[in-house]
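S.K.: just to be clear, the model below is a prediction. Sequence and coordinates:
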Amino acid sequence: MPIRMFYRQWAVVVEIERHPGTARRLHAAEQAISSPDPVGRERAIREAGDIVRAAHREVAGG
């Protein structure tokens, strides 16, 4: 099972990175997570989570 988990996670990364705009949004959100502003931090966490969950759905077949 560990190799399947690795392949699944790798597929999610590839799914995100194959869409440059989505990848830019995720990377910006990842940087904003360390913001001292709690509202900005919360927004960044939601944005990153939304992007990663959407990629997981896509990898699973839509």
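M.R.: Great, that's in hand. Here the structure is a predicted model, which means the values were calculated and not measured. Residues are numbered from 1 along each chain as shown.

S.K.: now the most centrally placed residue in the chain: closest residue in space, sequence neighbours ignored.
M.R.: The centroid of the chain falls nearest to V52 when counting by Cα atoms, centre = their mean (3.2 Å). Spatially, and ignoring its direct neighbours in sequence, V52 is nearest to V12 (6.7 Å; Cβ to Cβ, 6 or more residues apart in numbering). C-betas here are computed from N, CA, C, even on glycine.

S.K.: so how far is the helix or strand containing H27 off the chain centroid?
M.R.: Taking DSSP states H and E as the definition, one finds H27 inside helix 20-32. Chain-centre distance of helix 20-32: 8 Å, with Cα atoms, centre = their mean, to the nearest Å.

S.K.: now swap in stretch 35-43 and tell me
M.R.: Here stretch 35-43 is found 17 Å from its chain centre; the criterion is Cα atoms, centre = their mean.

S.K.: got the CA coordinates for it in PDB?
M.R.: Taking Å, rounded to 0.1, in the frame of the first residue of the first chain, the C-alpha atoms of stretch 35-43 are listed here in PDB:
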ATOM      1  CA  SER A  35       1.200  35.400   7.300                       C
ATOM      2  CA  PRO A  36       0.900  37.200  10.700                       C
ATOM      3  CA  ASP A  37      -2.600  38.200   9.600                       C
ATOM      4  CA  PRO A  38      -5.000  35.600  10.900                       C
ATOM      5  CA  VAL A  39      -7.700  36.400   8.300                       C
ATOM      6  CA  GLY A  40      -5.100  36.100   5.500                       C
ATOM      7  CA  ARG A  41      -3.800  32.900   7.000                       C
ATOM      8  CA  GLU A  42      -7.300  31.400   7.200                       C
ATOM      9  CA  ARG A  43      -8.000  32.400   3.600                       C
END
